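*Asks:* no FASTA, just this:
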């Protein structure tokens with residue numbers, strides 16, 4: 001029996017006729033991968049909470065996990081809890097977990113609550129504490145080679161000498177360059193047979209480890225800092241460049257850089273307006289770490305607050321007068337049209353009447369009607385061969 005999660009974020013209702021489970025509410029549901037949900041991330045029939053790569057990782061690592069003691073298993077890059085809760089359902093405890101997106105972290109917590117496995121793991125930043133002394137690591141391969149390099153070096157620096165890393169993914173998202181990156185930090189790399197278009201790389205013999213550090217590159221007077229996995233790395237993507245060229249002068253007060261990435265827009269606003277305070281937010285842990293480093297490198301960290309948040313969830317209604325946004329259009333590895341409209345609606349909630357949302361978007365996505373519906377009257381500020389910048393005024 002599966003107990004559905006309500007969309008308001010409250011706990012699931014009690015299961016009639018059962019006792020109180022480990023999670024603290026009545027009922028403990030038998031774990032199944034098929035019962036996982038993506039909530040609070042985007043949910044749609046074509047978006048899944050688990051896939052064949054998760055199943056293959058759990059199968060390939062089963063024997064190694066049996067030999068690992070409590071606290072010796074680490075999971076990195078778990079989408080919505082399949083690896084963590086699959087290992088917990090096999091008896092794993094003290095599992096240390098890192099997920100870059102906050103929505104994934106919250107989905108894991110919500111799924112664990114439903115299945116009564118909330119006491120089996122702890123979520124941690126990508127830091128030495130995450131991997132120190134680990135003997136088994138389960139990892140979904142990130143698509144960014146820089147992110148993979150940061151993770152591999154961190155494991156090599158702080159895990160146990162006999163650590164075994166199981167790094168898996170869908171074959172269509174894997175490249176031979178991933179093997180080369182892992183070989184930089186591990187003496188032995190084995191490749192499993194493919195199954196259901198998925199494969200696992202098994203790394204042993206850690207060496208030459210080091211802690212992650214951001215790459216620093218200067219563009220047009222702005223020092224951009226990027227940890228592995230941050231969107232666009234230490235460059236400034238062309239959409240953000242186009243938005244920066246169009247942003248208006250702002251009065252003293254405050255502004256928000258929503259989906260801030262490496263913090264380029266927030267930093268530029270702070271540099272242009274010495275009396276402006278900026279909130280920069282992103283759900284990606286790598287983005288938040290990068291944005292903090294960027295603001296520090298440019299001397300504006302005292303006026304730019306960088307937070308990890310699911311959109312603007314921590315901000316009160318009608319509290320902002322200006323929001324800048326370069327919206328993502330990927331949910332994990334999937335392109336989905338529902339992400340940006342959710343961000344438009346969230347911006348509308350936080351804007352005061354008369355406040356403005358300035359957004360840049362790929363012109364082929366035709367977001368203007370969605371902006372009109374969610375925020376209010378929308379005018380085109382600029383358009384080039386690829387991107388459109390619009391300003392929407394809150395009704």
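*Replies:* Now that the structure is in, tell me what you want to look at. Since we're looking at a predicted model, the values are computed, not measured.
*Asks:* For the closest residue to residue 102 other than its chain neighbours, grab the count of nearby residues.
*Replies:* Distances taken as Cβ to Cβ, 6 or more residues apart in numbering put residue 283 closest to residue 102, at 4.1 Å, once the chain neighbours are dropped. Where C-beta positions appear, they are placed from N, C-alpha and C, glycine not excepted. Using other Cβ atoms under 10 Å, residue 283 has 21 neighbouring residues.
*Asks:* Over to residue 189?
*Replies:* Using other Cβ under 10 Å: residue 189 sits among 17 other residues.
*Asks:* ok, back up a step: these two touch, right, the residue nearest to residue 102 and residue 313?
*Replies:* No: the criterion here is Cβ atoms under 8 Å, and residue 283 misses it with residue 313 at 9.3 Å.
*Asks:* Select the longest strand from this structure.
*Replies:* strand 351-362 (DSSP state E).
*Asks:* got the contact list for the helix or strand just after that one?
*Replies:* Per DSSP states H and E, the first helix or strand lying C-terminal to strand 351-362 is helix 368-374. Identification of contacts with helix 368-374 by Cβ atoms under 8 Å, 6 or more residues apart in numbering yields 340-341, 344-345, 347-348, 357, 359, 378, 380, 388, 390, 392.
*Asks:* need the next SSE after helix 368-374, C-terminal direction.
*Replies:* Next along from helix 368-374, by DSSP H and E: strand 378-383.
*Asks:* Can you pull up the most central residue in the protein?
*Replies:* residue 101 (1.9 Å; Cα atoms, centre = their mean).
*Asks:* That one - nearest residue in space that isn't next to it in sequence?
*Replies:* Residue 101's closest residue in space is residue 283 (Cβ to Cβ, 6+ apart), at 5.3 Å.
*Asks:* before we move on, what about residue 108?
*Replies:* Closest to residue 108 by Cβ to Cβ, 6+ apart is residue 81, at 3.9 Å.
*Asks:* quick one: that neighbour and residue 114 touch, right?
*Replies:* No: judged on Cβ under 8 Å, residue 81 makes no contact with residue 114 at a distance of 9.8 Å.
*Asks:* Who has more neighbours out of those two?
*Replies:* residue 81 (32 against 27).
*Asks:* who are the neighbours in contact with that one?
*Replies:* So residue 81 contacts 36, 49, 107, 108, 111, 112 (Cβ under 8 Å, 6+ apart).
*Asks:* Can you check the pLDDT for it?
*Replies:* In this model, residue 81 is scored at 97, pLDDT.
*Asks:* Now do the end-to-end distance for stretch 112-120.
*Replies:* 9 Å (Cα to Cα, to the nearest Å).
*Asks:* Could you pull up the mean pLDDT of that stretch?
*Replies:* Rounded mean pLDDT across stretch 112-120 is 96.
*Asks:* just stretch 155-165 next, same as before
*Replies:* 98.
*Asks:* and what of stretch 188-204?
*Replies:* If you average the pLDDT values across stretch 188-204, you get 97.
*Asks:* ok, now stretch 135-143?
*Replies:* Stretch 135-143 comes out at a mean pLDDT of 97.
*Asks:* From the chain's centroid, how far away is that stretch?
*Replies:* 15 Å (Cα atoms, centre = their mean, to the nearest Å).
*Asks:* Now do the helices in the stretch 51-200 of the chain.
*Replies:* Assigned by DSSP state H, counting those that start in this stretch, the stretch 51-200 of the chain shows helices spanning 52-60, 62-66, 82-89, 102-115, 128-131, 145-158, 176-183.
*Asks:* now those as TSV including distance to residue 41?
*Replies:* Converted to TSV, the helices of the stretch 51-200 of the chain look like this (distance: least, Cβ to Cβ, whole Å):
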stretch	distance to residue 41
helix 52-60	16
helix 62-66	26
helix 82-89	14
helix 102-115	4
helix 128-131	22
helix 145-158	19
helix 176-183	25
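*Asks:* So which of the ones you listed is the most surrounded?
*Replies:* For those, the largest average neighbour count (mean count of other Cβ atoms under 10 Å) is found in helix 82-89, namely a mean of 26.
*Asks:* Would you mind getting the angle between that helix and helix 52-60?
*Replies:* 30 degrees (axes from the mean of the first three to the mean of the last three Cα atoms, to 10 degrees).
*Asks:* Give me the contacts around helix 82-89.
*Replies:* 31, 33, 36, 49-50, 54-55, 57-58, 61, 65, 73, 75, 78, 95, 97, 108, 111-112, 115, 117, 120-121, 138, 140.
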